[in-house]
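Novice: Predicted model and sequence follow; I will ask about them next.
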Amino acid sequence: QEQLTESGGGLVQPGGSLRLSCEASARTFSNVPMAWFRQAPGKERDFVAAISSSGGFIYYADFAKGRFTISTDNAENAVYLQMNSLKPEDTAVYYCAADPDGNWKEWGDYNYRGQGTQVTVSS
């Protein structure tokens, strides 16, 4: 069964940076869109960013614009999320997803979804 595995989460101080990685264990996702979502404690899962297979189409949530960068490496079968200028409100479990049926910003529309990696921003 295809799996997406996130890594790179951890504890970081406000203003710091983290780079999240998401790798596929089996099939290639080099020809489908991929995305990042996040879920803070007690809140709904939110869209963070999405990228087309070619990298030609990229979408960010408003809170991510200017601070987060999504990228892909088709050779490595991976998608990344570079997060800079992190804030305490960025604390959440971050999930990657691949191959949406419809709306790229809807978690439920993705056919493949990871288990998440915890990001904690705190001093």
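Specialist: Nice, thanks for sending it over. Being a predicted model, the structure only gives us computed values, none of them experimental. Residues are numbered from 1 along each chain as shown.

Novice: Could you look up the SS state of the residue nearest the centre of the chain?
Specialist: Nearest to the geometric centre of the chain sits Trp36, at 2.4 Å (Cα atoms, centre = their mean). Assigned by DSSP: H, G, I helix; E, B strand; the rest coil, the conformation of Trp36 is strand.

Novice: Who is Ala78 paired with across the strands?
Specialist: As for beta bridges, Ala78 partners with Glu23, Asp73 under DSSP bridges.

Novice: how many other residues sit next to it?
Specialist: 20 (other Cβ atoms under 10 Å). (C-beta placed from N, C-alpha, C; glycine too.)

Novice: Ok, Ala61 next?
Specialist: Neighbours of Ala61 (other Cβ under 10 Å): 16.

Novice: Got the phi and psi for it?
Specialist: Backbone geometry at Ala61, expressed as degrees, to the nearest 10, gives phi -70, psi 160.

Novice: Just to check, it is in contact with Arg45?
Specialist: No - using Cβ atoms under 8 Å, Ala61 is not in contact with Arg45, being 11.7 Å away.

Novice: Now do the contacts for Val32.
Specialist: Counting by Cβ atoms under 8 Å, 6 or more residues apart in numbering, Val32 touches Ser53, Ala98, Asp99, Pro100.

Novice: burial measure for the residue nearest to it when sequence neighbours are not counted, as a count.
Specialist: In space, and not counting its chain neighbours, Val32 is closest to Asp99: 4.2 Å by Cβ to Cβ, 6 or more residues apart in numbering. If you count neighbours by other Cβ under 10 Å, Asp99 ends up with 18.

Novice: And Ser122, by the same measure?
Specialist: Ser122 is flanked by 10 other residues according to other Cβ under 10 Å.

Novice: quick one: contacts of stretch 70-87?
Specialist: By Cβ under 8 Å, 6+ apart, stretch 70-87 touches 12, 14-24, 28-30, 34-36, 48-51, 53, 55, 58, 60, 67-69, 90, 94, 96, 98, 119, 121.
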